[in-house]
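>>> Return atomic coordinates for the entry below.
(2 chains)
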There are 2 protein chains.
Amino acid sequence: MKIVLAQINLHVGNIEENTTKIVFGIKQAQQFNADLIIFPELSICGYPPLDMLDYREFTMRCHAAVEKIARICTDIAAIIGSPSLNPAKDGKSLHNSAFFCAGGKIQSIHHKTLLPDYDVFDEYRYFEPNREFNVVEYKGTRIAITICEDLWTEQNFHNSFINKRLYTISPMDQLISQDPGIIVNISASPFAWQKVQTKKDVFIEAAKKHSLPVFMVNQVGANTDLIFEGGSLVVNPKGEIYDRISRFEEDFQIYDLDEVLTAPAHGADPAVSDRQKIIFNALVLGIRDFFVKNGFEQALIGLSGGIDSAVTAVLAAEALGHENVKCVFMPSEYTMEVSREGAGKLAETINVSLTETAIDSLFDSFKETLRPLFKDLSENTAEENIQARIRGTLLMAIANKFGYILLNTSNKSESAVGYSTLYGDTSGALAVLGDVYKTQVYELARYINRTEEIIPASIIDRAPSAELREGQEDADSLPEYDILDPILFRYIEEHKDAAVIAGEGFETGLVKKVISLVDTSEFKRYQSPPVLRISPKAFGHGRRMPLVAKY
Amino acid sequence: MKIVLAQINLHVGNIEENTTKIVFGIKQAQQFNADLIIFPELSICGYPPLDMLDYREFTMRCHAAVEKIARICTDIAAIIGSPSLNPAKDGKSLHNSAFFCAGGKIQSIHHKTLLPDYDVFDEYRYFEPNREFNVVEYKGTRIAITICEDLWTEQNFHNSFINKRLYTISPMDQLISQDPGIIVNISASPFAWQKVQTKKDVFIEAAKKHSLPVFMVNQVGANTDLIFEGGSLVVNPKGEIYDRISRFEEDFQIYDLDEVLTAPAHGADPAVSDRQKIIFNALVLGIRDFFVKNGFEQALIGLSGGIDSAVTAVLAAEALGHENVKCVFMPSEYTMEVSREGAGKLAETINVSLTETAIDSLFDSFKETLRPLFKDLSENTAEENIQARIRGTLLMAIANKFGYILLNTSNKSESAVGYSTLYGDTSGALAVLGDVYKTQVYELARYINRTEEIIPASIIDRAPSAELREGQEDADSLPEYDILDPILFRYIEEHKDAAVIAGEGFETGLVKKVISLVDTSEFKRYQSPPVLRISPKAFGHGRRMPLVAKY
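Have a look, this model is predicted:
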């Protein structure tokens, strides 16, 4: 039996285009005389469709598309992910299903049993879990079809504060009694740099436990905040990785089942040695798909001469082409010469356009307009914020006028502690570095400069500053980032409380101050742009904190 | 048996203050020689705690608080809502529980079975559903304890597109075999004006079906976007409403079980005759709790001379006191005299401070600053947006300088179709009218004016306009609101697609245009303030649409 993994990039809601891709894949597979082709979870509508699933018509259109595709599956079988209507009298309206198509029609529908409902996942919102388990036989091979989390039964990964497994049942324990010969898993599993290894372990463990080969196809491509890395896998019955296909791009690979069962594995897929490289590639894909899928072309970035906007510009130029990146430098009286030089040098190196627009006269106009109200009150955060909002307004005006899309340059550390001006530097359509801690931004910059100095050393070496008052530095208001970031990581990613974090060697008063900053700046993040997610806990949909609360 | 319903206003996360309220309630009940006092769902931590539940320490503190409270329950029993740790080997970490306290300790813990996971509810994200059913006996009365949705088994309310019940099991069908004498339901059920009657029906049906009295206590008060109306109920075994206590305020009522069982009902609770009145009261509570619970005092509102800001100002003055409402009128060359007059007259009538700050010179400064970039390009939306963002920046500067909290004045209709400027008129800490359609805003204005002209007739009678260019009216860009709003309602609240809406008598092209506006302005709502929810489908957490999607 010849099996194809079709790792494709799907566009949420774009049933027509997704169908075209699936049909193209099937036709290619037919040319290779493949017996079975496997597409990712919810491939017909892209993942995640979110509340589009609340529209009955949406699922009906998905179903009709699968029926149409099934008609060409005459000499080949295809496994296609799609929502399906729950035919039962009671329960949720839908299932998250895998359609097994062969002989020119839909042969059977297999539903997802384990529905993730944590972090960015809300599948129980839409789907009734599966309760019936049926192995499919095709050309003499018995196939156990599972959907993503269905194989994640041994993990306690989202239950980090208690050592227990999240799920009380295991679909494979049910299916195994029907004597399958292979395990298929269709996935839409988003990227998080810490999870790249864990994900492989899941499938290795499943193969070993049941002594069966696993064919796993993951979605690739980004949909708003979620980046799907692909990295689809074939694991042999000994639990060795037979093949791991590309990350961050579409791929199409064909396998001979006999070979997978008998030949020695090609060699283990090495652990990721260069974390910065995969984060860089993930963010580039995240930007590119945001633009391509939305029909956008040109990005606008406010270059400050600091490291965040510099890294954002490099990523954008990589994703969109340098000719599609427009930068604006907006100095004030507080802007240092090193900022202008750094911004100019970077723009030259990466060959993006750079305009300079000073904000001084606007800042004066605001102060003048507000003088009757503010009278002799001394300048404070209010005036700092005015500068950030002038820059936001200028950037949005330029974006509106020329049809550019403003990229936000905030990093995760400043977003965490609220070191930002709402409607000012929090503006933008997409927060490129919103899930990248400041210390990681530096690591990314060094990765970018690994062979030549693309980001000027002056930008990397200078002390971080918002430049909203004379001589201001981040360190005036915040702990040094190499202390701040580990505290933030423990609080946000690891859900540790103040006492535990202090117990790990941080000063109690500082830990409490940092946690308090995170909690009380929730209102800023509520109104911030979507964040490209590269960790298991990014700000946005995946972290839901009350705004009116005492912590 | 004497039973107390303690309808209290809880502050999310404020375990200490909530505990004090609960202890106070128990002591009062003891003075009345009550036998049982009932508090709302998750009363110890307030509803909804959201991802605070991801911190193990949070649940431990809740549990410790309940243990402490239980010690004073010597001659009285108390039912208190709290999260509890799931002791099972596998599964979610927590249960959503009702603690039955008596004899100075926790006697038993009863978990919620039916976990809502739709709209604003994400309970399956945190909680393992209950699978064991136990009636409690106290002083000869057998009590079936249910938690909110546990009694909502006959409804298909969130499954509007398919006529089926959401849940496949019914906790009361399990409990009834243990021969209970009363049903207790502890709730945290947020307000939606269409649901006020439905909610009563749920408890009436449960009482009738099982021929048992129902004692239901609902949380009161607002937490961020969600407003809880209270309206706790006692229903007799015939399914007649014995008593319905206050809406929108704390209440404490004592009942004699024998009387509930034998005496004729006080008379049915009449259907709500004045929809505007309950919406008005809900919004006032929503504003007040947002301020009180956050420790805020003074609100800032940009008064435009239009109806949205006028109604917002009246609501704020009612909620916070007129002395705590600060208004700013920010005219431009496009502002009509009727706007200035209307704003001035309103401020005088409701006795709030009003400052005028013209934006012309700032608008000129922006155009001047951008001239080298924009050159001879004609003015368009970019310049309209600059005006809105100047106003947003001025308002935020004033708010920052004086510690005011900016209230957002957008209505649901304009938010739906994206008739707004991101970072301009979408600014604010709380969108007071964000779930109120424009036609409903007019109804609210007429309600406010029911006895005297508080909102000037000139504001109500004029054609709506954003006043961002000469002679602009909403009707230039949008259909009339009495056509727009019914289309929006069908699409957003009722999840009907274009064909179905057109089939109900709306012009197909118009319906498609409106739906397209809603879909493509998702990015603006993503970055908008939290919206006070008064309907079953408000923008915000309860409606999750992808940004990168084809519709």
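
>>> which residues of the stretch 351-500 of chain A fall in strands?
A:353-356, A:405-408, A:430-431 (DSSP state E, counting those that start in this stretch).

>>> Which among those is found nearest to chain B?
With respect to chain B, and counting by Cβ to the nearest Cβ, the nearest of the strands of the stretch 351-500 of chain A is strand A:353-356 at 6.3 Å. For the C-beta atoms, the positions are set from N, CA and C on the backbone; glycine is no exception.

>>> about what we covered before: can you say which of the strands of the stretch 351-500 of chain A is packed in most?
Among those, the stretch with the highest mean neighbour count (mean count of other Cβ atoms under 10 Å in any protein chain shown) is strand A:430-431, at a mean of 28.

>>> Quick one: name the residues of the stretch 251-400 of chain A near chain B.
A:289-290, A:293-294, A:355, A:357-359, A:361-362, A:365-366, A:368-370, A:372-374, A:377, A:380-383, A:385-386, A:389-390, A:392-394, A:396-398, A:400 (Cβ under 8 Å from any Cβ of the partner chain).

>>> now with 6 Å?
A:290, A:293-294, A:362, A:365, A:369, A:374, A:381-382, A:385-386, A:389, A:393, A:397, A:400 (Cβ under 6 Å from any Cβ of the partner chain).

>>> could you flag which of the residues you listed are buried?
A:290, A:293-294, A:362, A:365, A:369, A:374, A:382, A:385-386, A:389, A:393, A:397, A:400 (16 or more other Cβ atoms under 10 Å in any protein chain shown).

>>> export those to a markdown table and tack on distance to residue A:41 and pLDDT?
Listed next are those as a markdown table, based on distance: Cβ to Cβ, whole Å; pLDDT from 0 to 100:
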| residue | distance to residue A:41 | pLDDT |
| --- | --- | --- |
| A:290 | 21 | 98 |
| A:293 | 18 | 97 |
| A:294 | 23 | 96 |
| A:362 | 50 | 98 |
| A:365 | 54 | 97 |
| A:369 | 54 | 97 |
| A:374 | 56 | 97 |
| A:382 | 49 | 97 |
| A:385 | 44 | 97 |
| A:386 | 47 | 98 |
| A:389 | 42 | 98 |
| A:393 | 42 | 98 |
| A:397 | 42 | 98 |
| A:400 | 38 | 98 |
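
>>> In JSON lines: the residues you listed, plus distance to residue B:14.
Below are those laid out as JSON lines (distance: Cβ to Cβ, whole Å):
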{"residue": "A:290", "distance to residue B:14": "39"}
{"residue": "A:293", "distance to residue B:14": "43"}
{"residue": "A:294", "distance to residue B:14": "42"}
{"residue": "A:362", "distance to residue B:14": "42"}
{"residue": "A:365", "distance to residue B:14": "43"}
{"residue": "A:369", "distance to residue B:14": "40"}
{"residue": "A:374", "distance to residue B:14": "35"}
{"residue": "A:382", "distance to residue B:14": "30"}
{"residue": "A:385", "distance to residue B:14": "29"}
{"residue": "A:386", "distance to residue B:14": "34"}
{"residue": "A:389", "distance to residue B:14": "33"}
{"residue": "A:393", "distance to residue B:14": "38"}
{"residue": "A:397", "distance to residue B:14": "43"}
{"residue": "A:400", "distance to residue B:14": "43"}
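
>>> mind listing which of the residues of the stretch 251-400 of chain A next to chain B are in helices?
Judged by DSSP state H, helices contain the following of those: A:290, A:293-294, A:362, A:365, A:369, A:374, A:381-382, A:385-386, A:389, A:393, A:397, A:400.

>>> my guess is residue A:236 contacts residue A:242, does it?
Yes - using Cβ atoms under 6 Å, residue A:236 is in contact with residue A:242, at 4.8 Å.

>>> Overlap in contacts, these two.
Common contact partners of residue A:236 and residue A:242 (Cβ atoms under 6 Å, 6 or more residues apart in numbering or on different chains): A:260, A:265.

>>> show me the contacts for residue A:502.
Contacts of residue A:502 (Cβ under 6 Å, 6+ apart): A:508, A:511.

>>> Quick check: phi and psi on it?
Dihedral pair for residue A:502: phi -60, psi -40, per degrees, to the nearest 10.

>>> Any idea which helix or strand in chain A has the lowest mean pLDDT?
helix A:474-477 (a mean of 88; mean pLDDT, DSSP states H and E).

>>> Take that one, keep the C-alpha atoms, and write them as PDB.
Extracted in PDB, the C-alpha atoms of helix A:474-477 (Å, rounded to 0.1, in the frame of the first residue of the first chain):
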ATOM      1  CA  ASP A 474      13.600  50.900  30.500                       C
ATOM      2  CA  ALA A 475      15.700  50.000  33.500                       C
ATOM      3  CA  ASP A 476      14.300  53.100  35.300                       C
ATOM      4  CA  SER A 477      10.900  51.500  35.500                       C
END
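
>>> Not counting residues beside it along the chain, what's closest to residue A:54?
Nearest residue to residue A:54, sequence neighbours excluded (Cβ to Cβ, 6 or more residues apart in numbering or on different chains): residue B:495, at 5.0 Å.

>>> returning to what we had before: among the buried ones among the residues of the stretch 251-400 of chain A next to chain B, which one sits closest to residue B:419?
Nearest to residue B:419 out of those is residue A:400 (Cβ to Cβ; 15.1 Å).

>>> Give me the contact list for stretch A:441-458.
With contacts defined as Cβ under 6 Å, 6+ apart, stretch A:441-458 is touched by A:276, A:307-308, A:310-311, A:314, A:338, A:342, A:345-346, A:349, A:411, A:433, A:460.

>>> ok, and what's touching stretch A:340-348?
So stretch A:340-348 is contacted by A:303, A:305, A:310, A:327, A:329, A:354, A:456, A:458-459 (Cβ under 6 Å, 6+ apart).

>>> same thing but 8 Å
Here stretch A:340-348 makes contact (Cβ atoms under 8 Å, 6 or more residues apart in numbering or on different chains) with A:303-306, A:309-310, A:313-314, A:327, A:329, A:331, A:353-354, A:356, A:454-456, A:458-459, A:462.

>>> is it true that residue A:395 touches residue A:427?
Yes - counting by Cβ atoms under 8 Å, residue A:395 touches residue A:427, with 6.6 Å between them.
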